[in-house]
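Student: prediction below, plus the sequence it came from.
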Amino acid sequence: MINLREILIGFVLLLPFTGKDDAAKFLRAVSEKFSGVKDYVVDVRVHLDLENVKAPDMAAKIYYKSPDKVKIDSKGTFLLPKEVGVFNPHMFNPDNFNVSIKDTLQYEGVPAMRLSLSPKNETLVNRSIILTVDRSEWVIKELLMEPAPGSLMDAKIRYGNFGGFMLPVEIDVNLNLPKPDSSQDYSTPRRQLRGGVSGNVAVYYSNYKVNSGLSDSLFAKEAKH
C-alpha cells in the first residue's frame, strides 16, 4: 500500500536547500524532535584513551530536566566533555546561532546535511560548530567544534530508541586540544584534560528512564555549611 506521508517526506528530502531561513528551519527540526523529552536519568561509563592521561574507566548517573538542569552523581573523579557528554536537546537552539547549510551528503547510507553554526553571542567559547544531521530521523550524527582557538573536538553519536525517543547509546569523541603550559600543574587527570591532550573519549549510556517526573529540588545545590 502506498504511504503518502513517506512519498512527501522523500520528495522534501530531494529538494535543494538555500538560504538562512532553511538552515534555521532544519536546526529547529532537530530541537523539536526532542521537545517531548521533559527529563531523563541515565547511567554513563567513560573510557579515556588519551595521550599522557592515565585514568580507569569512570561511571556516573546523569539527571537531566528540560531545558537546562543537569545533575551528575559519581564516586571519585569523573571526566566528561561537557559540550557533548550531557545530551541536551536544547543546546543548539536556532535562536542562539547564525546557521547556514554547508553541504548535503549521504552519511552512513542515509540522506544528511552539514549545518555550520556560529554563536550570536560572541562571548561564547565555541567559535564554530559543524553538525551533520540525519535528514530522515532529524538527529545529530556528528558534531565538529572548536572549543577554543587551535583546538578541535569531533564527536560521532550512535542512538537507540527509549520511550519513543532517539537518545544516545554511544558517543565517540576525538580530541585535539592545545599543548599545556609547562608552568602549570597537570598532576591529575582532570588538570591534564584541561591542559591540552589528544586522543579518544568513548561515552556509553545505558538504563535510560525518560519522563519520570524529576523534581526541581533534585537539581538544587546543596547548602554550604
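Tutor: Ah, there it is.

Student: can you mark which positions in the longest helix along the chain are buried?
Tutor: In terms of residue count, the longest helix belonging to the chain (DSSP state H) is helix 19-33. For helix 19-33, the neighbour count (16 or more other CB atoms under 10 Å) marks 22-24, 26-28, 30-31, 33 as buried. Glycine gets a C-beta too; all of them are placed from N, C-alpha and C.

Student: how about residues contacting stretch 59-69?
Tutor: 37-46, 70-75, 78, 80, 86-90, 214, 216, 218-219 (CB atoms under 8 Å, 6 or more residues apart in numbering).

Student: low-scoring stretches of the protein, by residue?
Tutor: Applying pLDDT under 70 to the chain flags the ranges 1-21, 81-83, 122-127, 179-196, 222-225.

Student: secondary structure class for the spatially most central residue of it?
Tutor: The geometric centre of the chain, computed from its C-alpha atoms, lies nearest to Val84 (CA atoms, centre = their mean), at 3.5 Å. Going by DSSP: H, G, I helix; E, B strand; the rest coil, the secondary structure assigned to Val84 is helix.

Student: circling back to that earlier point, closest one of the buried residues of helix 19-33 to Ala112?
Tutor: Phe26 (10.8 Å; CB to CB).

Student: that older thread, wait, doesn't the residue nearest to the centre of the chain sit right on Ala155?
Tutor: Yes - taking contacts as CB atoms under 8 Å, Val84 lies within contact range of Ala155: 4.4 Å.

Student: anything in contact with each of those two?
Tutor: Joint contacts of Val84 and Ala155 (CB under 8 Å, 6+ apart) are 143, 171, 173.

Student: tell me which element the nearest residue to the first one once chain neighbours are set aside falls in.
Tutor: Using CB to CB, 6 or more residues apart in numbering and skipping the chain neighbours, the partner closest in space to Leu143 is Ala155 (4.5 Å). For Ala155, the element it lies in under DSSP states H and E is strand 152-162.

Student: contacts for the helix or strand following that strand?
Tutor: Next along the chain after strand 152-162, taking DSSP H and E as the criterion, comes strand 165-176. Residues from elsewhere that reach strand 165-176 (CB under 8 Å, 6+ apart): 33-34, 36-37, 40, 42, 50, 81, 84-85, 87, 137, 139, 151-161, 197-206, 208, 210.

Student: no further questions, thank you.
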